[in-house]
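Engineer: Quick one: sequence and predicted model below, then my questions.
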Amino acid sequence: MNRFDERDLLLVSIPIVGIAILAELFISLVLKKKIYTLKETATNVYMSVLFAGIDSFLRNIYVLPLLYFFLSQSFFVWPKTWVYWVVAFLLTDLMYFLLHWADHKIRPLWAVHVTHHSSTDFNVTTGFRSPVLQPFYRVFFFAPIAWIGIDPIDIIIVYGVGQIYGALIHTQLVGNLGIFENILVTPSHHRVHHASNTEYLDKNMGMFLIIWDRFFGTFKKEDPNIQLKFGITHEIEDRGPLNIVVHEWKAILKDVQMSPKSIRKKLKILISMDT
């Protein structure tokens with residue numbers, strides 16, 4: 001695959017996601033469910049555009065060069081058969097799970113990722129509320145895939161397909177999907193992930209397959225008797241476009257400044273979520 005294929009994927013994804021948004025909006029109006037608000041939707045679009053700009057800039061500056069460096073060090077040469085694509089898919093999905101887990105467990109990474117969770121709405125456009133600074137470090141999680149011989153462009157393509165699927169599962173209008181709940185990350189699973197209810201925190205980290213959560217112990221089934229609350233556990237008073245991106249960094253700086261002078265304590269506050 002080459003760059004044309006990536007653009008082609010984008011051309012295919014835009015109408016798919018666009019139709020999903022319009023259908024969700026129409027159904028929510030018919031059912032009189034307040035799923036969309038103008039301000040939160042506008043913020044989602046803003047975050048998506050900001051993320052896309054940073055991601056595109058960094059891709060040619062160092063992301064692709066770094067991935068191709070790892071590919072050049074590989075001892076593996078894969079013929080592009082169905083086995084190659086299965087391996088690329090499974091490893092990309094696994095590394096996304098590990099990236100997502102790290103985003104929830106390491107405070108500076110959470111300061112980046114929290115923007116994706118900051119919306120009190122939950123709809124398809126919520127998938128656009130991207131962690132805008134993630135392109136600076138995301139590549140390090142996917143570099144091992146290139147090192148075992150998977151072409152970086154193919155990693156990007158597979159990851160892109162997963163992101164399209166990931167956008168579509170941000171919805172409140174799709175219920176239990178039966179047998180697929182055992183294999184895929186479904187809208188039900190992802191509602192749990194975005195809920196700020198205590199029992200649901202840091203659960204269901206997968207992008208496409210739920211098997212990683214089941215294996216690593218982060219799986220949680222949606223309980224129909226629990227009223228979901230979307231957003232984060234504390235209210236963001238200033239929901240302006242800049243503060244949505246940097247508010248957790250400001251909280252980290254404040255905690256470090258107010259902590260005892262011990263360097264060890266300050267480092268713990270800087271790194272750990274358990275402070």
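Structural biologist: On my side now, so go ahead.
Engineer: Could I get the buried residue list for the host helix or strand of Ser56?
Structural biologist: Using DSSP states H and E, Ser56 falls within helix 38-58. For helix 38-58, burial by neighbour count (16 or more other CB atoms under 10 Å) applies to Glu40, Thr41, Thr43, Asn44, Tyr46, Met47, Ser48, Leu50, Phe51, Ile54, Asp55. For the C-beta atoms, the positions are set from N, CA and C on the backbone; glycine is no exception.
Engineer: Nearest to Phe122 among the residues you listed?
Structural biologist: Closest approach between these and Phe122, by CB to CB: Glu40, at 9.6 Å.
Engineer: Nearest spatial neighbour of that closest one, chain-adjacent residues omitted?
Structural biologist: Setting aside the residues directly before and after it, Glu40 is nearest to Asp121 in space (CB to CB, 6 or more residues apart in numbering), at 4.3 Å.
Engineer: What count of nearby residues applies to that neighbour?
Structural biologist: When neighbours are counted by other CB atoms under 10 Å, Asp121 registers 21.
Engineer: and the gap between it and Phe230?
Structural biologist: For Asp121, the distance to Phe230 equals 7 Å [CB to CB, to the nearest Å].
Engineer: Kindly report the same for Ser259.
Structural biologist: 31 Å.
Engineer: More neighbours: which of those two?
Structural biologist: Legend: neighbour count by other CB under 10 Å for Ser259 and Phe230, higher for Phe230 (19 against 15).
Engineer: Which pLDDT does the model give the more buried one?
Structural biologist: pLDDT for Phe230: 96.
Engineer: Same question for Gly206.
Structural biologist: pLDDT for Gly206: 97.
Engineer: thinking again about what came up before, C-terminal to the helix holding Ser56, what's the next element?
Structural biologist: Downstream of helix 38-58, the next assigned helix or strand under DSSP H and E is helix 64-72.
Engineer: In terms of secondary structure, what does the helix or strand following that next one contact?
Structural biologist: Later in the chain than helix 64-72, the nearest helix or strand by DSSP H and E is helix 82-105. Secondary-structure packing of helix 82-105 (3 or more CB pairs under 8 Å, 6 or more residues apart in numbering; DSSP states H and E): helix 107-117, helix 139-147, helix 152-168, helix 211-216.
Engineer: For Trp101, find the nearest of those.
Structural biologist: Among these, if distance is taken as CB to CB, the winner is helix 211-216, at 7.6 Å.
Engineer: Not counting the closest one itself, show me its contacts.
Structural biologist: Contact with helix 211-216 is made by Asp93, Leu94, Phe97, Trp101, Ile183, Val185, His189, Lys203, Asn204, Met205, Gly206, Phe219, as judged by CB atoms under 8 Å, 6 or more residues apart in numbering.
Engineer: Do I have it right that Pro187 meets Ala167?
Structural biologist: No - with contacts counted by CB atoms under 8 Å, Pro187 stays clear of Ala167, the gap being 11.3 Å.
Engineer: Can you lay out the helices and strands packed on helix 82-105 as a markdown table showing distance to Lys250 and mean pLDDT?
Structural biologist: Compiled in a markdown table, the helices and strands packed on helix 82-105 are given as follows (distance: least, CB to CB, whole Å; pLDDT from 0 to 100):
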| stretch | distance to Lys250 | mean pLDDT |
| --- | --- | --- |
| helix 107-117 | 9 | 95 |
| helix 139-147 | 25 | 97 |
| helix 152-168 | 28 | 94 |
| helix 211-216 | 31 | 97 |
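Engineer: Pipe the ones you listed into JSON lines and attach mean neighbour count and distance to Pro65 per row.
Structural biologist: Listed next are the helices and strands packed on helix 82-105 as JSON lines, based on neighbours: other CB atoms under 10 Å; distance: least, CB to CB, whole Å:
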{"stretch": "helix 107-117", "mean neighbour count": "21", "distance to Pro65": "22"}
{"stretch": "helix 139-147", "mean neighbour count": "19", "distance to Pro65": "10"}
{"stretch": "helix 152-168", "mean neighbour count": "19", "distance to Pro65": "9"}
{"stretch": "helix 211-216", "mean neighbour count": "17", "distance to Pro65": "29"}
